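Just to be clear, the model below is a prediction. Sequence and coordinates:
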Amino acid sequence: MDRIILIETSTALCSAAIAEGDQIKAYYESSAPKAHASLTAVFIDKMLNDLGLTIQDCDAVCVSMGPGSYTGLRVGVSTAKGLCFGSGKPLLAVGTLDTLVAGVKNPQDFNYIVPMVDARRMEVYSAVYRPDGTRITEVEPVIVDENGFASFLAEGKVLFVGDGAGKCQGTIKSENASFIQCCPDARSMAAPALKELREGNFRDVAYFEPFYLKEFVATTSKKKLF
């Protein structure tokens, strides 16, 4: 049975899971602000102890590759790389939008699924998927307006899902639009991670970088320190 450690830190929710095949055997999560760095490794240690396992009993480590929070992605990838470096286990990566789509229940009820990761203001990171999980547009930043995704909504039911979906609900007016405001979590990574493992899509542990989509921009604090 393929056993994979799953790490999802791309948004406000920090989560980790251990999957055996398509079954989740352990799971921890926290939405505490700015706690990803302090909790991710702790969650993994707890799960292994809960199951009486070590990293050597696992077949791979899979991390969310983005897009998403710059800091969150760095924490997840750094943790995954550390586990892989120390154990010699392969590194896998799954896109944040793929994870959101994989977590949708009854996807066949929709013509299209549009996962959305909040990118501040009225912008989201998004793409369009078919119900079977096939992505049919590029992953890109999108400004949400009343005409957004009009051609897809004209064809039938569209589900907008993710932590960026809520900002669309008051803007996109269509009887064919449904919205689920949520964060991606590690449990939904199981199926896409298993596919990556069985296809041998291993990442270079030394050089793998998250898919930020946009460059990180540092700002100068306006608060006086002295």
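Now that the structure is in, tell me what you want to look at. Computed from a prediction, not measured in an experiment: that's the story for all the values here.

Look up how far residue 13 lies from residue 119.
Noted for residue 119: a distance of 16 Å to residue 13, by CB to CB, to the nearest Å. C-betas here are computed from N, CA, C, even on glycine.

cool, and residue 49?
According to CB to CB, residue 49 and residue 13 sit 22 Å apart.

if you count what's nearby, which of the two comes out ahead?
With other CB atoms under 10 Å as the criterion, residue 49 and residue 13 differ in neighbour count, and residue 13 comes out ahead with 19 against 11.

what's near enough to touch that one?
Residues in contact with residue 13 (CB atoms under 8 Å, 6 or more residues apart in numbering) are 29, 30, 31, 183, 184, 185.

That one and residue 184, how far apart?
From residue 13 to residue 184 the distance is 7 Å (CB to CB).

and the lowest-mean-pLDDT helix or strand in the chain, what other elements does it pack with?
Scoring the helices and strands of the chain by mean pLDDT, DSSP states H and E places helix 166-169 at the bottom, with a mean of 89. Other helices and strands packing on helix 166-169, by 3 or more CB pairs under 8 Å, 6 or more residues apart in numbering; DSSP states H and E, are strand 177-181.

mind running it again at 10 Å?
strand 112-118, strand 123-126, strand 158-162, strand 177-181 (3 or more CB pairs under 10 Å, 6 or more residues apart in numbering; DSSP states H and E).

of those, which approaches residue 67 most closely?
strand 123-126 (4.1 Å; CB to CB).

can you give me the offset of that closest one from its chain's centre?
Remark: strand 123-126 is offset 13 Å from the chain centroid, using CA atoms, centre = their mean, to the nearest Å.

how is the chain carved up into domains?
Structural domains assigned to the chain are 3-95+185-198, 97-181, following automatic domain parsing.

got TSV for those domains, with distance to residue 210 too?
Shown next, in TSV, are those (distance: least, CB to CB, whole Å):
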stretch	distance to residue 210
domain 3-95+185-198	4
domain 97-181	12
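
Of all residues in the protein, which one is nearest the centre?
residue 96 (2.8 Å; CA atoms, centre = their mean).

how about low-confidence regions in this structure?
Within the chain, the ranges that satisfy pLDDT under 70 run 214-226.

Can you report how many residues lie near residue 135?
16.

surely it meets residue 100?
No. Using CB atoms under 10 Å, residue 135 is not in contact with residue 100, being 11.5 Å away.

ok, now how distant is residue 16 from residue 116?
Counting by CB to CB - residue 16 and residue 116 are separated by 23 Å.

closest to residue 107 among the contacts of residue 13?
Nearest to residue 107, judged by CB to CB, of the contacts of residue 13 is residue 184 at 15.1 Å.

which residue sits closest to that closest one, ignoring its sequence neighbours?
Spatially, and ignoring its direct neighbours in sequence, residue 184 is nearest to residue 99 (4.3 Å; CB to CB, 6 or more residues apart in numbering).
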